[in-house]
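*Asks:* Quick one, what's the 3D model for this:
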Amino acid sequence: MGRAGLVSCALALGLGLGLAAPRPASARTSGAAQPAQAAQPASGPHQSTIEQQVESARNRLATTAKAPHPGKPESLTHPDLEHAGTGSASTSALAAASARPVASDALAPAVVPSGLPGLDVSGHQGNVDWGAVAGNGAQFAYVKATEGTTYFDSSYFSQQYDGSRNAGLVRGPYHFAIPGNSTGAAQADYFVANGGGWSADGKTLPGMLDVEYNPYGPVCYGLTQSQMVSWVASFDDEYRSLTGRRPTLYTTTNWWSTCTGNSASFGQDSLYIARYSDSPNPLPNGWANYTIWQFSDQGTFPGDQDVFNGSRQALADFAMGPADPVTVYYNQLGGRSSYLGSPVDDAHPIAGGQARDFTGGSIYWSAGTGAHAVHGAILAHYQSLGGPTGFLGYPVTDETGTPDGIGRYNHFSAAGSIYWTPNTGAWSIHGAIRAHWAAMGWERGPVGYPVTDETGTPDGIGRYNHFSGDGSIYWTPNTGPWSVHGAIRARWASMGWENGPVGYPTSDEYAIPDGRQSDFVSGHISWNATSGDTTVTSG
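*Replies:* Below is the predicted model of the structure:
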């Protein structure tokens, strides 16, 4: 393809972009009132994040609640009585085989297992004396907030959730799953909209999904094993999209085996195992260890008796969540309500840093550059050039508008940039050519926006970028970078570019009497302002 053809290609790639952060990049926040019926965490530095989660969950619920789902809906006739471990109360043989078994697993250990003591409660316990609970050594608590998409514990959730926190416990909310009544996503939305959100305040545990024996009908809620796996994944993905955390997953090994086929797909979630025995083992497939063990339904504390598998520091770390700078930055930009949209994967390591992809773009992080977002046509071109492992390196800005109001750009760590306009598309520029272009005034200089990436010359010696203002910048190791444009560039091109008689440029265009001139390795090309003629002087 000739050099003129490269310009045509550039024009053909004009792609629209979404919204982006202005230069300089700044954090975005938004807020919404809490649902009137739902108690929320006490105010703190992360309160705006909780508010955003509630707003997003409410908006999403309007759609997800209408989505088709497997199973036959059941009436929640006594949700105020259901709690983590309800399955052990059933006399049904099937329930006994699928929830907490009535044999050895249903017998509480002779001694309290090692670990940090805690408890889980629901409306079944009513108002709790949290001062006494803390005085007896409890370090954490899980509190039931919701069930299905219609029940919120308006009677006791606030007293239990806020009261446990005020007494110094690390606490989290939980949702009693009814997989036959609606999609997992809908129940995650309802949960987050009604007290189930998460904040990195060091006092809030990630929301817990309680999947166990069905107190209203079929043990597996009328779902096949594959449907149940899909349902749990739907809840998991939606909760993670809203809060940035994976939910804690409460279940029993037998129920998990019966209703999911002992799926190994959720090993990245923290396991809250229910087993009344001297050992929590065997664990469900996919988990090599547990985070919390519910070992009895009676003991020192109200409700169920639990232990956390780790130290106080480990519990604090679990509450704070993984130190993931990509997700932190995503939340600063507005999370799901930002131009990046919903996550499509977790933060994952790449060469020298981390990345995470979203429906509307990607965030890249390294220790030297911090976290920055790239999206739209610039992202597409960046990825085609190798992304962070390519010659541009990591982004050092978010996508930003150019001062002339026309274009968009990202700068990158390896002295490079990608610029985009509706007419030119997205193209990269870097190194000595970019430095010279910047010295000439960037896109507001005489050559305009790039319309090619930096490209090697046919003789194998030089490099160049073409630009929208009928201009180019050429570089060689011996000459350095120089621009040529307008009528002088047209005459030079007609002579064979750098392979013509005058060779590479050795100056930018400059004023002479009656016109303009550019110097070249083997001569000059001048332009007369009166006649419009160009003259070539060799030697």
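
*Asks:* you'd agree residue 491 is in a helix?
*Replies:* Yes - secondary structure assignment places residue 491 in a helix (DSSP: H, G, I helix; E, B strand; the rest coil).

*Asks:* Tell me who's in contact with the closest residue to it other than its chain neighbours.
*Replies:* Nearest residue to residue 491, sequence neighbours excluded (Cβ to Cβ, 6 or more residues apart in numbering): residue 534, at 4.1 Å. Placement of C-beta: from N, CA and C, glycine included. Taking Cβ atoms under 8 Å, 6 or more residues apart in numbering, we find residue 534 in contact with 487-488, 490-491, 525-528.

*Asks:* Backbone dihedrals for residue 534, please?
*Replies:* For residue 534, the backbone dihedrals (degrees, to the nearest 10) come out as phi -110, psi 150.

*Asks:* burial count for residue 394?
*Replies:* By other Cβ atoms under 10 Å, 25 other residues sit near residue 394.

*Asks:* wait, what's in contact with it?
*Replies:* With Cβ under 8 Å, 6+ apart, residue 394 has these contacts: 352-353, 364-366, 368-369, 372, 388, 412-413.

*Asks:* quick one: which of those residues sit in strands?
*Replies:* If you go by DSSP state E, the contacts of residue 394 have 353, 364-366, 372, 412 in strands.

*Asks:* Nearest the geometric middle of this structure, what residue?
*Replies:* residue 343 (4.4 Å; Cα atoms, centre = their mean).

*Asks:* you'd agree that residue is up against residue 360?
*Replies:* No - the pair residue 343 / residue 360 is not scored as a contact, 10.5 Å apart, by Cβ atoms under 8 Å.

*Asks:* circling back: in the sheet, who's paired with the residue nearest to residue 491?
*Replies:* Under DSSP bridges, the beta-bridge partners of residue 534 are residue 527.

*Asks:* do residue 475 as well
*Replies:* Going by DSSP bridges, residue 475 forms beta bridges with residue 463, residue 481.

*Asks:* isn't it right up against residue 434?
*Replies:* No - Residue 475 is beyond contact range of residue 434, at 10.3 Å (criterion: Cβ under 8 Å).

*Asks:* how about the strands in the stretch 251-400 of the chain?
*Replies:* Along the stretch 251-400 of the chain, the segments classed as strands by DSSP state E, counting those that start in this stretch run 271-274, 292-296, 304-308, 348-350, 353-358, 361-366, 370-374, 400-401.

*Asks:* What average pLDDT does the second one get?
*Replies:* Taken as a whole, strand 292-296 has a mean pLDDT of 96.

*Asks:* ok, back up a step: just the closest of the contacts of residue 394 to residue 164, please.
*Replies:* Using Cβ to Cβ, residue 365 comes nearest to residue 164 of these, at 34.6 Å.

*Asks:* which ones are touching the nearest residue to that closest one once chain neighbours are set aside?
*Replies:* Nearest in space to residue 365, with sequence neighbours left out and distances taken as Cβ to Cβ, 6+ apart, is residue 371 at 4.0 Å. Listed by Cβ under 8 Å, 6+ apart, the contact set of residue 371 reads 325-326, 328-329, 363-365.

*Asks:* Check residue 237 too.
*Replies:* 184-185.

*Asks:* Which other helices and strands does whatever helix or strand residue 525 lives in contact?
*Replies:* Residue 525 belongs to strand 523-528 when assigned by DSSP states H and E. Where contact means 3 or more Cβ pairs under 8 Å, 6 or more residues apart in numbering; DSSP states H and E, strand 523-528 is packed against helix 486-494, strand 515-520, strand 534-538.

*Asks:* Any idea which of these gets closest to residue 402?
*Replies:* helix 486-494 (22.1 Å).

*Asks:* contact partners of that closest one?
*Replies:* 3, 446, 470-472, 484, 500, 502, 505, 509, 516-518, 520, 525-527, 532, 534, 536.

*Asks:* run the last query once more with 6 Å
*Replies:* 470, 518, 525, 527, 534 (Cβ atoms under 6 Å, 6 or more residues apart in numbering).

*Asks:* Among the helices and strands packed on strand 523-528, show me which one is buried the most.
*Replies:* strand 515-520 (a mean of 21; mean count of other Cβ atoms under 10 Å).

*Asks:* Kindly export that one (C-alpha atoms) in CSV.
*Replies:* Provided in CSV are the C-alpha atoms of strand 515-520 (Å, rounded to 0.1, in the frame of the first residue of the first chain):
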residue,chain,number,x,y,z
GLY,A,515,7.9,32.4,0.3
ARG,A,516,8.8,29.3,2.3
GLN,A,517,11.6,26.7,2.2
SER,A,518,12.6,23.3,3.6
ASP,A,519,16.1,21.9,3.6
PHE,A,520,17.0,18.3,2.7
